[in-house]
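Engineer: sequence plus predicted model, see below.
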Amino acid sequence: MIEKRGANSWRVGFQTSTQEGRQWIRRTVTFPAGLSEAQQRERAELEEARLRVEYDDGTFVPENPITVREFSQLWIEDHVRVNCAADTLKNYQFFLDSRILPALGDVPLQRLTPVACNRFIKSLRGELARTTALPPEARVRTSDQLRPDAPAHALSDRTIRHYYDTLSYMLEKAVQWEYLSRNPMKKVDRPKVHKRPLKVLDDDQAVQLLRCLAQEESLPFRCSVLLALLCGLRLGEVGALRLQDVNWDDCSIDISRAVHYTPATGSFFGDPKSEASARTVDLPPGMMALLEETRLYHEEAKRLIGDRWRGDGLIVSAWDGTPLHKDTPSKQWRKFADKHGFEGIRFHDLRHSHASILFANNLDAVAVATRMGHASADTTLRIYAHALRRRDRESAAAMQALLDRAAGSDAPAADQQRPAADKQLPAPDLAALDPATQQLAAQLAAQLVAQLAGMQLQQPSSPANPSPAQGSPRGSAPSDPNSTP
């Protein structure tokens, strides 16, 4: 059955026998404007054939009027909130509320086409990013009110990919829950992202940073920077570490939680980024000394301020031991970096610098991945491929060493290939031979000496231009610049 329902909409279907009797299997399809009625009918016939195949294969989904907005609420409540971290929930909700639902929210879910999805992703290019900063009049501090807002900029390729992934992930769940027979985002190209080169510190810059950091009075700030640079910890892991996590005998620290933040919940402690992120990290003696200084500071602070001390052993904390906002160490680092000449280096780049320095000092990828909390060494190698450049230079140096050895061994090799007249030939032991062989060897030796003497007499002392018959000496360039060797 094929019938026209509107200017560009058609209903296709067929009847089938069920336990309850004859039943209609129908679907309404809409085609782009501009197609002739004949073209639309031809496509409707294809849709009817596809409907029959889906019904026979068991992939047919009955028509459902639910919209993208309504399904997104089900997806958030029944899947994301239950199975994902709070940070992930916050990000998905932001992507939906900011652009996906305003553009596609009122579209019936089953009528969402690859063309509509592709147009949405394409429309994101060139749009300005939305800031989460408060307007000046809503800011508490006078300095914040006077601070100029950052200039507006277009959405980055990575942000556009986040929108793509959010929409695709949601629609894939709609397929799994049988709201859709197929995911329209499967036919939309995933946006490409040009990876930004990592900005990391090399050994000399790290030494300079350590010298500048030694002049800082804030003990929690020094701990936060060194935990990232010397131990490769993430910002959230730094904010959640406690003195109880330190193994003072084994010189190691246990990473088992991280600090998170959402506008709805505020700061809270939870699991680290992944299962592999829960790990034990060995500490250098210098880091252990700083942690011991922190422990003594806590004891002294508790003695001085008494009941006002509210800490529970957080290594990076406020003056009274209470937790800092998750982003506070990063903001403190930004001021420190700009002041001491480390512009462009983010707090997270200290973690990248840690891995790069380990690679530069010839640690293997598995050891670095374990220390960084990566599930696979492949991830580590993909992120820090730039750090292998020093090894590549060392590889080139090793090959040059072979060339140098070859060049240094030319002298004895060439000496072996010089004419026999230039060498001291060992005297043959003729006494060990029978008389006939002795006589033959003496005749051959006399002929060889005569030939060599003749060659020496014919050789010119210093030929300026060798003749074509003589040829060019071995190793020199041909006399004809157009000739080929």
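Structural biologist: In hand now; what should we look at? Keep in mind that what you see is a predicted model, and the values were worked out from it rather than measured.
Engineer: where are the low-confidence patches of the chain?
Structural biologist: Residues of the chain meeting the criterion pLDDT under 70: 60-62, 131-134, 140-141, 143-147, 149-150, 386-391, 409-485.
Engineer: what's the domain layout of it?
Structural biologist: Here the domain assignment for the chain is 2-57, 68-131+151-187, 203-391, based on automatic domain parsing.
Engineer: tabulate the ones you listed (CSV), appending mean neighbour count and distance to Arg405.
Structural biologist: The way it works is simple: take the backbone N, C-alpha and C, and place the C-beta from them, glycine included. Putting the domains of the chain into CSV (neighbours: other Cβ atoms under 10 Å; distance: least, Cβ to Cβ, whole Å) gives the following:
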stretch, mean neighbour count, distance to Arg405
domain 2-57, 13, 68
domain 68-131+151-187, 16, 48
domain 203-391, 17, 21
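Engineer: in the stretch 1-150 of the chain, which spans are helices?
Structural biologist: Assigned by DSSP state H, counting those that start in this stretch, the helices in the stretch 1-150 of the chain fall at 37-57, 68-75, 81-83, 86-95, 101-104, 114-123, 142-146.
Engineer: repeat that for the stretch 201-350 of the chain.
Structural biologist: 203-213, 219-231, 235-240, 285-305, 328-339, 347-360.
Engineer: those helices: which one's closest to Leu51?
Structural biologist: helix 235-240 (49.6 Å; Cβ to Cβ).
Engineer: before we move on, the earlier item: need the domains of the chain in CSV (columns: distance to Ala406).
Structural biologist: CSV is the format used below for the domains of the chain (distance: least, Cβ to Cβ, whole Å):
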stretch, distance to Ala406
domain 2-57, 68
domain 68-131+151-187, 48
domain 203-391, 23
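Engineer: so which of the ones you listed gets nearest Thr142?
Structural biologist: domain 203-391 (17.8 Å).
Engineer: against Val316, how distant is Cys328?
Structural biologist: Slight slip there: residue 328 is Thr, not Cys. 8 Å (Cβ to Cβ, to the nearest Å).
Engineer: now distance to Gln110 too, for the helices of the stretch 201-350 of the chain, in JSON lines please.
Structural biologist: Shown next, in JSON lines, are the helices of the stretch 201-350 of the chain (distance: least, Cβ to Cβ, whole Å):
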{"stretch": "helix 203-213", "distance to Gln110": "56"}
{"stretch": "helix 219-231", "distance to Gln110": "48"}
{"stretch": "helix 235-240", "distance to Gln110": "40"}
{"stretch": "helix 285-305", "distance to Gln110": "58"}
{"stretch": "helix 328-339", "distance to Gln110": "44"}
{"stretch": "helix 347-360", "distance to Gln110": "42"}
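Engineer: these: which one's closest to Lys122?
Structural biologist: Here helix 347-360 is closest among the helices of the stretch 201-350 of the chain (Cβ to Cβ), at 30.9 Å.
Engineer: can I get that closest one in CSV, CA atoms only?
Structural biologist: The C-alpha coordinates for helix 347-360 follow below in CSV (Å, rounded to 0.1, in the frame of the first residue of the first chain):
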residue,chain,number,x,y,z
PHE,A,347,48.5,23.0,34.7
HIS,A,348,47.6,19.8,32.9
ASP,A,349,50.7,20.3,30.7
LEU,A,350,52.8,19.6,33.8
ARG,A,351,51.4,16.1,33.7
HIS,A,352,52.3,15.9,30.0
SER,A,353,55.8,17.2,30.8
HIS,A,354,56.1,14.4,33.3
ALA,A,355,55.5,11.7,30.7
SER,A,356,57.6,13.5,28.1
ILE,A,357,60.6,13.6,30.5
LEU,A,358,60.2,9.9,31.3
PHE,A,359,60.2,9.0,27.6
ALA,A,360,63.2,11.3,27.0
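Engineer: and the next element down the chain from it?
Structural biologist: Using DSSP states H and E, the helix or strand that follows helix 347-360 in sequence is helix 365-372.
Engineer: and the angle for that next one with helix 347-360?
Structural biologist: 150 degrees (axes from the mean of the first three to the mean of the last three Cα atoms, to 10 degrees).
Engineer: related to what we said a few turns ago, between the helices of the stretch 201-350 of the chain, which one is nearest to Thr67?
Structural biologist: Here helix 235-240 is closest among these (Cβ to Cβ), at 36.1 Å.
Engineer: quick one: that closest one to chain centroid distance?
Structural biologist: Counting by Cα atoms, centre = their mean, to the nearest Å, helix 235-240 is centred 21 Å from the centre of its parent chain.
Engineer: I'd like to know which elements it is packed against.
Structural biologist: helix 219-231, strand 258-262, helix 328-339 (3 or more Cβ pairs under 8 Å, 6 or more residues apart in numbering; DSSP states H and E).
Engineer: of the ones you listed, which approaches Asp56 most closely?
Structural biologist: Using Cβ to Cβ, the helices and strands packed on helix 235-240 put strand 258-262 closest to Asp56, at 46.8 Å.
Engineer: that closest one - which strands sit beside it in the sheet, and in what orientation?
Structural biologist: strand 266-270 (antiparallel) (DSSP bridges).
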